[in-house]
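K.L.:
Build me a model from this:
(2 chains)
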Amino acid sequence: MADKKNTDKLKKEIRELVAKISEVPEPQLKDSALFVEDLGMDSMMALEVVASIEKKYKIVVPEEAIPTLRSLKDVYSLLEKLPLK
Amino acid sequence: MESIWPISKIRETLPQRYPFLFIDKVIEIDQAAGRVVCLKNLTQNEHFFVGHFPDNPIMPGVIMIEVMAQASIIGFAALKPEVAAKKPTYFLGKVEVKFSKPVRPGDQLFLEVQKEKMIATAGIVSASAKVDGQVVAQARITFGVKVYE
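P.N.:
Purely as a prediction, here's the structure:
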């Protein structure tokens, strides 16, 4: 996560993943869009996002952190805190 | 093969009833691995064999999904007993499924559920159904769990 190139790549991957699960086209996905209110996602879709991220980056997202993931921005900042393998 | 849960506990955990209660036994629970194995015995008397099909009884795929979903509820209850004790409502959210062999009267359906991710309000599991050790269906099931207090 040290350089900008990696950060941009990670953000792109996360956006693609959320676009796929939420079925919202990627160009329409704003980083600040709220998953539930703006993208129509539910708790099951949110869990799918988390499970996909865990699998892809081999990390464990703690259960208590999941309700705080309300937008792409929140996901980016969580991933900055968690050590990626 | 002994059930590690009495029938009463299966009935307490699953809200479904006849003719829609499909778990006969809980064979194995591995808390650490997040895995459970359940059993469904199929007899000629299953209500769905009457019409599916009169001269060629085959277990409907949608019922196989339901059986795997009920095994997933058992899995959730085994791994999150504190939530299951509140008698939540379970919602089937998303199913990706593949059927590989027909299931007929007399078959014993072993249902293996492996946790992928589980929180108090939802779960994602991989489930498989086996007859005589052969996989007859595989599914990835996403479900929601809501406690109405």
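
K.L.:
which parts of chain B sit against chain A?
P.N.:
By Cβ under 8 Å from any Cβ of the partner chain, the residues of chain B that approach chain A are B:91, B:93-94, B:116-117, B:119-124, B:142-144. The way it works is simple: take the backbone N, C-alpha and C, and place the C-beta from them, glycine included.

K.L.:
which ones are touching the residue positioned nearest the centre of chain A?
P.N.:
The centroid of chain A falls nearest to residue A:75 when counting by Cα atoms, centre = their mean (4.3 Å). Counting by Cβ atoms under 8 Å, 6 or more residues apart in numbering or on different chains, residue A:75 makes contact with A:14, A:18, A:49, A:53, A:69.

K.L.:
Highest neighbour count among these?
P.N.:
In terms of neighbours by other Cβ atoms under 10 Å in any protein chain shown, the contacts of residue A:75 top out with residue A:18 at 25 neighbours.

K.L.:
Excluding chain neighbours, what is closest to that one?
P.N.:
Among residues not flanking residue A:18 along the chain, residue A:49 sits closest, at 5.8 Å (Cβ to Cβ, 6 or more residues apart in numbering or on different chains).

K.L.:
And the one you found, its phi and psi?
P.N.:
Per-residue torsions, residue A:49: phi -60, psi -50 (degrees, to the nearest 10).

K.L.:
Would you mind measuring from it to chain B?
P.N.:
Relative to chain B, residue A:49 is positioned 10 Å away (Cβ to the nearest Cβ, to the nearest Å).

K.L.:
re the thing from before, next, the buried residues of the strand or helix carrying the residue nearest to the centre of chain A.
P.N.:
Using DSSP states H and E, the element containing residue A:75 is helix A:72-81. For helix A:72-81, the neighbour count (16 or more other Cβ atoms under 10 Å in any protein chain shown) marks A:72, A:74, A:75, A:76, A:78, A:79 as buried.
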